[in-house]
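Chemist: Provided below are the primary sequence and the corresponding predicted coordinates.
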Amino acid sequence: MRPAEFKNPEQELTRFRRRLLVALSFVLVCFSLLLARLVWLQVIQHDYFQTRAENNRISLVPVVPNRGLIVDRNGMVLARNYSAYTLEITPSRIKHLDEVISQLAQIIDIQPKDRKRFHKLLDESKNFESLPIRTRLSDAEVARFVAQRYRFPGVDIRARLFRQYPEGDLASHVLGYMGRINDRDLDSIVDAEQEENYQGTEHIGKSGLEQKYEFELHGKTGYDQVEVDSSGRAVRSLARTGAVPGNNLSLTLDSKLQRIVEQAFGDRRGALVALDPTTGGVLALVSKPTFDPNLFVDGIDATNWDALNNSADHPLLNRAIYSVYPPGSTFKPFMALGALTTGRRTAAQSIADLGFFDFGGHRFRDDKKGGHGMVDMHASIVVSCDTYYYRLANDWGIEGIAEFMGQFGFGALTDIDLEGESRGILPSPAWKKKRFKRPEQQKWYAGETISVGIGQGYNSYTIMQLANATAILANNGVVYRPHLVQSIANSKGVIRNVENKPIRHIKLRESDLAVIRRAMVDVTVNGTAALAFKGAEYETAGKTGTAQLFSLKGAEYKEANVHERLRDHALFVAFAPADKPRIALAVLVENGGFGSQSAAPIARQVLDYYLLGKMPQGAAAEVQDVADN
Amino acid sequence: MWQTTKFHARRIVDSLDMPLLIIAALLMTYATVVLISATNDMPRRLNAHFVNLLVASTVMIVVAQISPQRFMSFAVPAYLLGVMLLIGVAVAGDVSKGARRWLNLGIVRIQPSEMMKIAVPLMLAWYFHKHETLVRVRDFFVAVVILGIPVGLIAKQPDLGTAILVLAAGMYVIYLAGLSWKLIVPVVLAACIGIGALATNGHQWCEDGVKWPGFKEYQKHRVCMLLDPSTDPRGKGFHTIQASIAVGSGGVMGKGWMNGTQTHLEFLPERHTDFIYAVLAEEFGLLGGVVLLLLYFALIVRGMMIAMSAANFFSRLMAGAITLIFFTYALVNIGMVSGILPVVGVPLPFFSYGGTALVTLCTALGMLMSINSHRTLVQK
């Protein structure tokens, strides 16, 4: 039809109607297409979308179990949980984080340190986690936020369980601390095939028992099947599988004893380990300075972290099991016992001590100018004669020394139930060959054996090892594994005791042991520790020691002339009662000078309390200034 | 006095088309039932909806009293005013959600593109009516210009949804006025080829950095999202995916009124406006969808009957175009919700919450009724 024509109205109407009918068929086609699409979605694909809708709707919310408690040998609680409200932000759901935090700060008290901590968590976290901006909200704060919650999508209030250490910094190196799970922790969780059980868990033991017994303490995660809305908020609960609380740990540790030791140290640095020689149970394990593990519970803030991490005192360092020190003269009773056992010496054999021992053109000095005169084995321990042990070491030889000392656990892990134990160094030609690269360094020189005899040279052990060796000595050569956890109780109250059998027996003669014991008792009666043990109502076998930090090259050691941090470490080992030991210990005071001055008085307090139940009178400092070597 | 009141009432009732009225009432009732569920947590919206219904029905009755002759006389002023307002928007409009759609007149903020849904077909129908006796090829070019100006201005805002509706309304008038098939067929073919090419090559075209001439980035995104919603499940694809889940999980019978989990757990975005069809499909299933399509189809058939028996060329064009606009709304909206058309802001007629759209729809219904009641008056 050509348009440029006059139209016949009738024809025009017919054409219009035809066009409308074409349009109507187009409508029909389109509606049929829509219908086909709807049939596809609602009939053919229905099951698939049904599942998708259910997945949208139903969410499995992990129910985090109560972490197990840690109690000491008397049932005193050292670690427990408390529930608190936290204000949490899911960063992935928020665009302008700082803006939202500023808005939150108008209704809830948010300090700059909270922000700092939040940003630190943010840097460490994965994207979809919800992170606390504030913990321990008051009821009023919870109410204020809930009223305005609609303004803050991606921000929520959660009730969470937090770890709490009611005794503060007591035994912090034993208990350890908790922290947020990081990538490394995640690996260990995967290795233990615990991923599923850790859905919803945010914190994990980072050190100490919290770390070592993580999988005992954690418990079994339960699940709440809940209906959620699109923002992930639970609308109602559909089904629930309860969580099983973690197991409780009972320790061999005596927290009162622990506290006495920690107070006795005062501001001094050092470590003490006290063991029950008949079981290997740890009675006290102290590393000073301590720290407050509560600081880590909701993410440590930058100020506290810097203070702990950058302090010259390194409070996070576990000086009892990680730091190694030369044992100094506390090594001598073991040397003497070895000499008797291997037949190198008899107890009666004496030497004339002129105050030095010359070997290969080098003069090894005794710390007493002019020497101790005629010295037999008993006297060598009581007066701590170096020359006696220079000679003994030279006669015995390094191989023999290493073999004998190895039996007492020197240079080997004690297998204490804590992470991060050091092996220490039991010097031997084999050790030196492994330790050094250049051939001239790898060779063992006979001169090196001599200082090993007095606990110096390459000797370096943890206080744990020293205490363990002392316990073995006290127990006549019966070796137990040192341990902190005595028993583990599950949530139903079923108690599982930690296996406690001797792991080996060292072949020793009772008569030889008696010689050493007598000499060590004399140390606390007439010898170097006599002052510290004046008036004791029990017999203590002990030995003082000093670990040299600073070689004076022949010059006389004058404490006052040496910078505090370069002073010798004071050591003391002891067991008591001497005839039937119930406790064995090793103590080191860093830069404490002579063992008799600062270390022995601490040991006295421990023994007084443990054997007699006597609480210390005043501070340790009182005893300190009386002593002189 | 009584007599005159009765006479007036009689005239008003006569002016209303019963079949159309019944269909519209059914649709509005159905819509209200669905809206009650969709606005479950926003009771104020539901109250506002009842007010909207009242206002829109009044508008429909009033418009039904106006003769088509009067509509014709409104055509030019309404069109010119609309274009001027659109230019005003382009120059000094308010920006909201990235688009410049609103014109702030001090007292009220108006969206001029909405009135163009009626003004453009009105203008075109008037133009063709004027040249009824001798419609030449040249007139179609003029019509294209009349249509092109507002569509271009609206698309530039950008408001693709309204631009499509206005374009469709104008195209229906041009088509019904008798545009040669020789012109229609190639255009339709080209469009089909274009869509087909997009469906097959979409992946390459949708890659980042590929610019589409004449399209804004977000428009490209919407089209791409339609081709593969899973590429952005948390972002723009979220609407499409969640709507499909709602529709699909509804099945044949639906989950029951107020029982839609997608709806009530807030997984459905825009559930009381653009995506309300998903609510209907989730709760009333395929059955509810078929009922809705049948109601729309009945509305369209009735509208076409009115158009066929209309008094003059203008009325015919106007009635036909209006009817087809209803169809377009429904097609684009349901197509978009069920995932076969891109997400453009087109409401589901009578269902989507919103006063402006409801008033526009009822104005159109009123015009249909007016055309119907005046079919014999003019001829005589």
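Modeler: It's in. Residues are numbered from 1 along each chain as shown, chains lettered A, B, ... in the order given.
Chemist: pick out the residue closest to the middle of the chain.
Modeler: The chain I'm using is chain A. Geometric centre of chain A, nearest residue: A:Gly208, 2.5 Å, by C-alpha atoms, centre = their mean.
Chemist: my question was about chain B
Modeler: Among the residues of chain B, B:Tyr329 comes closest to the average C-alpha position under C-alpha atoms, centre = their mean, at 3.9 Å.
Chemist: tell me the secondary structure for that one?
Modeler: Per DSSP: H, G, I helix; E, B strand; the rest coil, the secondary structure class of B:Tyr329 is helix.
Chemist: now the lengthiest helix in chain B, how far from the centre of its chain.
Modeler: Criterion DSSP state H: the longest helix present in chain B is helix B:276-308. Distance of helix B:276-308 from its chain centroid, counting by C-alpha atoms, centre = their mean, to the nearest Å, is 14 Å.
Chemist: now stretch B:177-191
Modeler: 23 Å.
Chemist: go on, stretch A:29-37?
Modeler: Here stretch A:29-37 is found 69 Å from its chain centre; the criterion is C-alpha atoms, centre = their mean.
Chemist: apart from its neighbours in sequence, what residue is nearest A:Thr278?
Modeler: A:Asn475 (6.4 Å; C-beta to C-beta, 6 or more residues apart in numbering or on different chains). Just so you know, the C-beta spots here come from the backbone N, C-alpha and C atoms, and that holds for glycine as well.
Chemist: whoops, A:Leu78 was the one
Modeler: In this structure, A:Leu78 finds its nearest non-sequential neighbour in A:Ile70, 4.8 Å apart by C-beta to C-beta, 6+ apart.
Chemist: isn't the one you found right next to A:Asn248, touching?
Modeler: Yes. Shown here, A:Ile70 and A:Asn248 form a contact pair, counting by C-beta atoms under 8 Å, at 7.4 Å.
Chemist: tell me which of those two has more neighbours.
Modeler: For A:Ile70 versus A:Asn248, neighbours defined as other C-beta atoms under 10 Å in any protein chain shown are more numerous around A:Ile70 (28 against 22).
Chemist: could you list every helix and strand in contact with the helix or strand encompassing B:Ala190?
Modeler: Taking DSSP states H and E as the criterion, B:Ala190 maps to helix B:181-205. Contact here means 3 or more C-beta pairs under 8 Å, 6 or more residues apart in numbering or on different chains; DSSP states H and E; on that basis helix B:181-205 packs against helix B:217-227.
Chemist: circling back: state the distance from the residue nearest to the centre of chain A to chain B.
Modeler: Separation of A:Gly208 from chain B (C-beta to the nearest C-beta, to the nearest Å): 41 Å.
Chemist: touching, that residue and A:Gly179? I think so.
Modeler: No. When contacts are counted by C-beta under 8 Å, A:Gly208 is not listed as touching A:Gly179 (11.8 Å).
Chemist: circling back: quick one: contacts for the residue nearest to the centre of chain B?
Modeler: The contact partners of B:Tyr329, taken as C-beta atoms under 8 Å, 6 or more residues apart in numbering or on different chains, are B:165, B:346-349, B:361.
Chemist: can we see that at 10 Å?
Modeler: For B:Tyr329, the contacting residues are B:117, B:161, B:165, B:168, B:296, B:346-352, B:357, B:360-361, by C-beta atoms under 10 Å, 6 or more residues apart in numbering or on different chains.
Chemist: now, which of the residues you listed lie close to chain A?
Modeler: B:Tyr296 (C-beta under 10 Å from any C-beta of the partner chain).
Chemist: just the buried subset of the contacts of B:Tyr329, please.
Modeler: With burial judged by 16 or more other C-beta atoms under 10 Å in any protein chain shown, the buried subset of the contacts of B:Tyr329 is B:117, B:161, B:165, B:168, B:296, B:346-352, B:357, B:360-361.
Chemist: name the nearest of the residues you listed relative to B:Thr263.
Modeler: B:Phe351 (13.5 Å; C-beta to C-beta).
Chemist: once you drop chain neighbours, what's closest to A:Arg363?
Modeler: Nearest to A:Arg363 is A:Phe356, by C-beta to C-beta, 6+ apart, at 5.0 Å.
Chemist: what's the one you found in contact with, if anything?
Modeler: A:362-366, A:369-371, A:386-387, A:390.
Chemist: do A:Val244 as well
Modeler: For A:Val244, the contact set (C-beta under 10 Å, 6+ apart) comprises A:65-66, A:197, A:218-222, A:490-492.
Chemist: bridging residues for it?
Modeler: With DSSP bridges as the criterion, A:Val244 is bridged to A:Lys220.
Chemist: any idea how far it is from chain B?
Modeler: Counting by C-beta to the nearest C-beta - A:Val244 and chain B are separated by 31 Å.
Chemist: check A:Lys492 too.
Modeler: 39 Å.
Chemist: can you check A:Val382 too?
Modeler: The value you get for A:Val382 to chain B, if C-beta to the nearest C-beta is used, is 79 Å.
Chemist: how about that residue: what's its closest non-neighbour residue?
Modeler: Spatial nearest neighbour of A:Val382, excluding adjacent residues (C-beta to C-beta, 6+ apart): A:Gly527 at 3.9 Å.
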